[in-house]
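A.B. asks: Following is a predicted model, sequence given first.
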Amino acid sequence: MRQRRARQDSILAAIAAGEADVDRLAARFAVSPSTIRRDLQHLSARRAVARTYGGAILAPPLPEQSLGTREASNGAAKAAIAAAALARIRDGETLILDGGSTVAALGRLLRGRRLRVITGNLPLIPLLAGEPGIELIVLGGVVRPLSMGTTGPLAEQALRQMTADKAFTSADGVVAERGLCEATLEQAALKALMTAQAAEVFVLADATKLGRAGQPCWTPLRPGWHLVTDAPAAACAAFLAGGLRILPAA
């Protein structure tokens, strides 16, 4: 199971790079064409690829869900991931918090702590602004109503003037050997800058996000980052092989 999941993630990366033919993929991964066809069928069921005659292409982008819709799904998993991430935070640290419902779940747990928080995650601002122990720095920029976060050059300009101990980010999907996917280049660019400005990076992703490539814009994964997830060990094998550190969420 672990080997098959790792191969499927590698097949997805190969298709993204333009290698879509079944026979070429079979030769690359030293398996039979029938094995590749089964892998492609599995990826198609996950809506990661669309089957073509003799191969596959990346699936077209899925409609982006609103923040409210995302907050209503997988709540228990997101709460467990947020709790696991919270255990890695020490008082006095500077944190960068990305947008998204899972990062927002973590942000809600920071009340009562002594921290500096840098974020464009708008739902967190009224929650943290009145906390006496939190210095809140809000990134300006263009507001995306679907995600209720800021992006664009104003957010990036402010972020370049600051560094942090830890960055906590999420994504629409997380693919080993590929990265974090989002709907827009502005989201992906800001995410890349957030991770560059922090000494440690934590990717918060529930099991449904792993292997999902539903959006067209990417931020590369880097060895040494932490993946905080409720996914089983087999689903994390390809990420572990790529140099990520797995932090299981209970």
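C.D. replies: Yep, it's here. Numbering: from 1, shown residues only.
A.B. asks: For stretch 166-185, measure first residue to last.
C.D. replies: One end of stretch 166-185 to the other measures 23 Å (C-alpha to C-alpha, to the nearest Å).
A.B. asks: Which positions in it come out as buried?
C.D. replies: 166-184 (16 or more other C-beta atoms under 10 Å). For every residue, glycine as well, the C-beta is placed using N, CA and C.
A.B. asks: Take the residues you listed and keep only those in strands.
C.D. replies: Using DSSP state E, the subset of the buried residues of stretch 166-185 located in strands is Lys166, Ala167, Phe168, Thr169, Gly173, Val174, Val175, Gly179, Leu180, Cys181, Glu182.
A.B. asks: Count residues in the vicinity of the closest residue in space to the third one that isn't next to it in sequence, would you?
C.D. replies: Same thing as Phe168. In space, Phe168 comes closest to Phe202 once its chain neighbours are excluded; the distance is 4.9 Å by C-beta to C-beta, 6 or more residues apart in numbering. For Phe202, the count of nearby residues is 26 (other C-beta atoms under 10 Å).
A.B. asks: now Pro132
C.D. replies: Neighbour tally, Pro132, other C-beta under 10 Å: 6.
A.B. asks: Roughly how far does it sit from Leu122?
C.D. replies: 21 Å (C-beta to C-beta, to the nearest Å).
A.B. asks: circling back to that earlier point, what separation do you get for the residue nearest to Phe168 and Trp225?
C.D. replies: 7 Å.
A.B. asks: go on, Arg38?
C.D. replies: 31 Å.
A.B. asks: Compare neighbour counts for those two and give me the winner.
C.D. replies: Trp225 (20 against 14).
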